[in-house]
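Novice: the sequence and its predicted three-dimensional model are supplied below.
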Amino acid sequence: MFSDENKINSSQPDNTANYGESEGINKGGAPPNGEGGQGPAEKEQHLDDFEKCQKERDEYLNLARQIKADFENYKKDEDKKFAMMAEYANYSFASELVPVLDDIDLASKNAPEDIKQSDWFKGAEAVFNKLIKVLEKEGLKKMEVVGDDFDPAVHESAGFSEIDNQEENKAAEQIKRGYKFKDKLLRPALVKISKKKE
């Protein structure tokens, strides 16, 4: 009885020996196709993806640097434009003040002597001098031209003045004061040019 069962069992194939191979496991316990289950093609694909990521990273970094540089240049240009606008506004304001300064200066020179000696006149003159100092602090400059060579770039001719013992082509007499604003000509000085007597 038992002998027949043994014959049946012995006749069936033993698949346990081939179990590892059928499941895709090598005898050494390692997966097929190399380490980590990756073949040469998969490794090459991963390397390409890594290099692609590095390239994209570098491109984004360069783009960020370029955007930062462009923004800094833009900021510098805007600051420069703002400074120029502010300077132009001050220049325009100073040019409008020049005729007022002329009137005050003319009134001061032509005032009668008794008025010049009064406390009221001296006080007004002190206020005028303070105003001039404030304007000079902001960039206004009075031009002192008498004795200088006549220069049409900064002088305007009001005719000739015949004077002995003086070189020709000099600013002999100032008719109207000239002004500058931060090295820019605000108004040329109106002068008479020296000329030897004939």
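Specialist: Structure received.
Novice: how close does Phe181 get to Asp103?
Specialist: Per C-beta to C-beta, to the nearest Å, Phe181 is found 19 Å from Asp103. C-betas here are computed from N, CA, C, even on glycine.
Novice: those two - which one has more neighbours?
Specialist: Phe181 (21 against 10; other C-beta atoms under 10 Å).
Novice: what about the more buried one, distance to Glu156?
Specialist: 17 Å.
Novice: for the helix or strand containing Ala158, name the packing helices and strands.
Specialist: Using DSSP states H and E, the element containing Ala158 is strand 155-162. For strand 155-162, the contact count by 3 or more C-beta pairs under 8 Å, 6 or more residues apart in numbering; DSSP states H and E identifies strand 171-176, strand 189-195 as packing neighbours.
Novice: flag every buried residue along that strand.
Specialist: Neighbour-count burial for strand 155-162 flags His155 (criterion: 16 or more other C-beta atoms under 10 Å).
Novice: distance from the chain centre to stretch 153-170, please.
Specialist: 45 Å (C-alpha atoms, centre = their mean, to the nearest Å).
Novice: can you pull the domain assignment for the chain?
Specialist: 42-138, 141-198 (automatic domain parsing).
Novice: just name the most buried of those.
Specialist: Of all those, domain 141-198 has the most neighbours on average by mean count of other C-beta atoms under 10 Å, namely a mean of 15.
Novice: next, the distance between the ends of that one.
Specialist: The first residue of domain 141-198 is 37 Å away from its last residue (C-alpha to C-alpha, to the nearest Å).
Novice: where is the longest helix in this structure?
Specialist: Identified as the longest helix of the chain according to DSSP state H is helix 40-109.
Novice: any idea which helix or strand comes after it?
Specialist: Downstream of helix 40-109, the next assigned helix or strand under DSSP H and E is helix 113-116.
Novice: now the helix or strand just after that following helix: average pLDDT?
Specialist: For helix 113-116, the succeeding helix or strand toward the C-terminus, using DSSP H and E, is helix 119-138. For helix 119-138, the mean per-residue pLDDT is 91.
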